[in-house]
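> My questions concern the predicted model and sequence given below.
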Amino acid sequence: MTDKKLLKQKLDIVYTFLQKQSKWYTGLSIKRYLRKEIFSLATGDFSNNAINSGRWSAYSHYSVVWAFGNLLEKNEITKGSKVVINPLLPTILVDELVRRGVKIIGCDIEKSSLSIDNEDLQEILDQQEAIDLVIHFSFNGIYEPILDSLNRLEQLTIPSIVFIDNENVNPKLLEVFNNQKLGSMLWNFGDSFLDEQLKVVADSELETQNWFVAWHLESRTKSILEYHLSQSQDNFLAIIEAYYFLLAEKVKSFPISFNPLEYFTKNYLLKNKLKNKEEAQKLLTENYSKVFESAVPDLFFDLQLSLPENKIDYGSAQNVAEKSSQFQIQAKEIYDFLVEMLAEMAKGSLEIPDFYLDRTYLKYFFYSTNTDFWYGQFDNKGLTLEKIPPIHSIFNSQSTIPVAKFVSKYGLVVCLENKKIKASKDTESKG
């Protein structure tokens, strides 16, 4: 951005933010962003009463563990709480449950969706007394089983945390956002806005990491933003002061009468005394890595809404549906390719789950004993293949989750990229 008027507007937003340091983490800017850019993509009206009435709290964090821990606090999960989880939940989050002394109950999953098997969940609910929380996990775009579960759990007044580990938006994800009435959402939001905003003034390349956006549907007044925020504010203060100083210097370089540096002497006393651009650049780069263990201040959602450097264009509800259909087409092509290959594979080396024509895949998955062969096949097609990570060791002796153990041992995931799939002529080492 080089337009002096836009730079001045950006400077004013940052200045106002610096003047109100007690309100860095209200979550209001995140809520505005979600309403305008995400919830508006829903087909028809977005009718979640808790969200529409403002009875929810939201924040963003670089650390999925801190974000997850915050939601556990919100759901009052403490030592001895009974929590049902999808065993595919990342081990670092299971570790957090273990650290808190939670009684973890693994629920088996469906091979065809990788979501909690709702029949198994019902058995657990029938057998166990006073389940305090259910934690769903999904990354592949097939959210129908989660929707069914949320409806059942709401009737029993059992809250859920739904962790969506995929930044892509499809119509069913919007239904999940719309239909959750009790508990919390944790969403891998993808890349941040922070590095894009700072690149306007930074003289070195800045690393980027994903943000995790979380919200909680409130049944009480305790703020979601009281956990781990003092340290976050300290980590960000130097960054934002350096950013402001460098913005002011950039604006000052234009031939206009306004001198933004007067803000420093007249209205705001910088904690970090900066004499020149070199000192500001050093302060920014030396402190930048600290933000990766921090909650994200509202400022950067405000800047993204009004003055984005790299706007994420989610389009419209129609665009979301069209993009989802393209992913679905590629998923079906991969399924057909695997079916074609099945006859040539060694018996028992490849298992293809049922394909749902009426569901939207964002990642396709299948099962094989010959991982190296499939890495080569999909690399030749320019697609990324990943192995499903192993489940946590606390489940090693649990006999009631055979599907989850099978999926963890043999599951392979293809990242969809809207590319045409053709069968490879090289079919060596298929054993």
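Looks like it arrived, so ask away.
> Only C-alpha atoms from now on, for both contacts and neighbour counts.
Will do.
> export stretch 327-336 as CSV, just CAs?
Written as CSV, here are the backbone C-alpha positions of stretch 327-336 (Å, rounded to 0.1, in the frame of the first residue of the first chain):
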residue,chain,number,x,y,z
PHE,A,327,-13.4,-30.2,-4.8
GLN,A,328,-16.1,-32.9,-4.9
ILE,A,329,-15.4,-33.6,-8.6
GLN,A,330,-11.7,-34.1,-7.9
ALA,A,331,-12.5,-36.4,-4.9
LYS,A,332,-14.7,-38.5,-7.1
GLU,A,333,-11.9,-38.7,-9.7
ILE,A,334,-9.5,-39.9,-7.0
TYR,A,335,-12.1,-42.5,-5.9
ASP,A,336,-12.6,-43.7,-9.5
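> Could you give the average pLDDT over it?
Mean pLDDT, stretch 327-336: 95.
> part of a strand, is residue 358?
No: assignment of residue 358 by DSSP: H, G, I helix; E, B strand; the rest coil gives coil, placing it outside any strand.
> Now it, what are its backbone angles?
phi -100, psi 10 (degrees, to the nearest 10).
> Let me know the average pLDDT across stretch 177-191.
On average, stretch 177-191 scores 94.
> And the strands in the stretch 251-400 of the chain?
When assigned using DSSP state E, counting those that start in this stretch, the strands of the stretch 251-400 of the chain occupy the ranges 350-351, 363-368, 385-387.
> Quick one: residues in contact with the last one.
When you say that, I think you mean strand 385-387. Contact with strand 385-387 is made by 374, 375, 378, 379, 410, 411, 412, 413, 414, 415, as judged by C-alpha atoms under 8 Å, 6 or more residues apart in numbering.
> Of the residues you listed, just the buried ones, PyMOL syntax please.
In PyMOL syntax, the buried subset of the contacts of strand 385-387 is picked out as below (16 or more other C-alpha atoms under 10 Å):
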select buried, resi 374+375+378+410+411+412+413+414+415
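> So which of the contacts of strand 385-387 sit within helices?
Counted as lying in helices by DSSP state H, out of those, are 374, 375, 378, 379, 410.
> Please identify which of those residues is nearest to residue 179.
Using C-alpha to C-alpha, residue 410 comes nearest to residue 179 of the ones in helices among the contacts of strand 385-387, at 32.8 Å.
> so how far is residue 235 from the nearest residue to residue 203 once chain neighbours are set aside?
Leaving aside its sequence neighbours, residue 203 sits nearest to residue 281 (C-alpha to C-alpha, 6 or more residues apart in numbering; 7.2 Å). Going from residue 281 to residue 235 by C-alpha to C-alpha, to the nearest Å gives 16 Å.
> and if you look at residue 192?
Distance from residue 192 to residue 235, by C-alpha to C-alpha: 16 Å.
> and what of residue 112?
Distance from residue 112 to residue 235, by C-alpha to C-alpha: 43 Å.
> Between these two, point out the one with more neighbours.
residue 235 (20 against 14; other C-alpha atoms under 10 Å).
> and that one, that's in a strand?
No: applying three-state DSSP, one finds residue 235 to be helix, outside a strand.
> how much space is there between it and residue 66?
15 Å.
> sorry, back to before: want to try a markdown table for the strands of the stretch 251-400 of the chain, with mean neighbour count and mean pLDDT as columns?
Formatted as a markdown table, the strands of the stretch 251-400 of the chain follow (neighbours: other C-alpha atoms under 10 Å; pLDDT from 0 to 100):
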| stretch | mean neighbour count | mean pLDDT |
| --- | --- | --- |
| strand 350-351 | 19 | 97 |
| strand 363-368 | 22 | 98 |
| strand 385-387 | 18 | 96 |
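> Using a markdown table, lay out these together with distance to residue 79.
Converted to a markdown table, the strands of the stretch 251-400 of the chain look like this (distance: least, C-alpha to C-alpha, whole Å):
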| stretch | distance to residue 79 |
| --- | --- |
| strand 350-351 | 40 |
| strand 363-368 | 36 |
| strand 385-387 | 33 |
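> Can you say which of those strands is nearest to residue 177?
Of all the strands of the stretch 251-400 of the chain, strand 363-368 sits nearest to residue 177, with 19.6 Å by C-alpha to C-alpha.
> Outside of that closest one itself, which residues are in contact with it?
139-141, 331, 334, 349-353, 407, 410-416.
> quick one: strands adjacent to that strand?
With DSSP bridges as the test, strand 363-368 is paired with strand 350-351 (antiparallel), strand 411-415 (antiparallel).
> List the contacts of the first one.
Put plainly, it is strand 350-351. Taking C-alpha under 8 Å, 6+ apart as the rule, strand 350-351 contacts 342, 366, 367, 368, 369, 370.
> gap between that strand and the chain center?
Its chain's C-alpha centre and that of strand 350-351 lie 30 Å apart, by C-alpha atoms, centre = their mean, to the nearest Å.
> Likewise for the last one?
Chain-centre distance of strand 411-415: 19 Å, with C-alpha atoms, centre = their mean.
> just the strands in the stretch 51-200 of the chain please.
In the stretch 51-200 of the chain, the strands defined using DSSP E, counting those that start in this stretch lie at 56-61, 82-85, 103-106, 133-138, 160-164, 183-190.
> tell me what the third one is packed against?
Based on contacts counted as 3 or more C-alpha pairs under 8 Å, 6 or more residues apart in numbering; DSSP states H and E, the elements that strand 103-106 packs against are strand 82-85.
> Just checking: what are the partner strands of the strand it packs on?
Going by DSSP bridges, the partners of strand 82-85 are strand 103-106 (parallel), strand 133-138 (parallel).
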